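Asks: predicted model follows, preceded by the sequence.
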Amino acid sequence: VATVADFGARTRDFSFALVRAGRLDAAEVLLKKLLVKQSNDFDLEVQLAGIYSSRHDWDGALPLYQSLLRKKPEDSRVNLTYGLGLLSLKRYREALGPLEKARNSMPRDGEAGLGLARALKGAGDLKKADREFAPVLPLYSGDTAIRREYADLLLERKDYRKAETYYKEAYGRGFRDDRLLVGLEGAL
């Protein structure tokens, strides 16, 4: 005889399986129902917040991430996703705290370091942004767009020689866009 708890556990497992299978609409419906009954279930909230963030539905995701951080303020993955959500909305100063926590707890995670560098740049702290970019660049050695982005930062800092080096490196690897050409021209 199955109990109510068994049914709830199976439904929970099924909702997670739906997420893994990419059936996000069906998983969302189940997760919402489960959260009504189990509002303190951290993993259910993480799954639902992940669905919203995958859709770039930050109005739905950010409140869930805030709730999750009240429960586990040092959770590096939650801090990272929350910070990246804020960054995507250009809420740079708000993104700094969560992204710094994520970078500190995951120093080899390029996404955390790059997110923090971008938030610092957006917040106007170009010197710190430059310091954050340095350890991240080797992790993205093949990504010419990030090389150009770093060159743009160097250009803003008026470090023309170094900016020229990174623009030329991106150009030499076949990256072509107007922003790169204008930046290189400005650095020269």
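Replies: Received the coordinates, thanks.

Asks: ok, and the closest non-adjacent residue to residue 168?
Replies: residue 184 (6.9 Å; C-beta to C-beta, 6 or more residues apart in numbering). The C-beta positions use only the backbone N, C-alpha and C, and glycine is treated the same way.

Asks: again with residue 100
Replies: In space, residue 100 is closest to residue 116, 5.8 Å off (C-beta to C-beta, 6+ apart).

Asks: show me what contacts that neighbour?
Replies: 83, 96, 99-100, 102-103, 132 (C-beta atoms under 8 Å, 6 or more residues apart in numbering).

Asks: same thing with residue 112?
Replies: 76, 80, 99, 102-103, 106.

Asks: 7 Å - rerun?
Replies: Residue 112 makes contacts with 80, 99, 102-103, 106, as judged by C-beta atoms under 7 Å, 6 or more residues apart in numbering.

Asks: picking up where we left off before, the residue nearest to residue 168 in helix, strand or coil?
Replies: Secondary structure, DSSP: H, G, I helix; E, B strand; the rest coil: residue 184 is helix.

Asks: wait, it touches residue 167, no?
Replies: Yes. If you go by C-beta atoms under 7 Å, residue 184 and residue 167 touch, sitting 4.0 Å apart.

Asks: the two: which is more packed in?
Replies: The residue with more neighbours, out of residue 184 and residue 167, is residue 167; 28 against 19, by other C-beta atoms under 10 Å.

Asks: check which helices and strands the helix or strand the more buried one falls within sits against.
Replies: Under the criterion of DSSP states H and E, residue 167 resides in helix 160-172. In terms of contacts (3 or more C-beta pairs under 7 Å, 6 or more residues apart in numbering; DSSP states H and E), helix 160-172 is packed against helix 144-156, helix 178-187.
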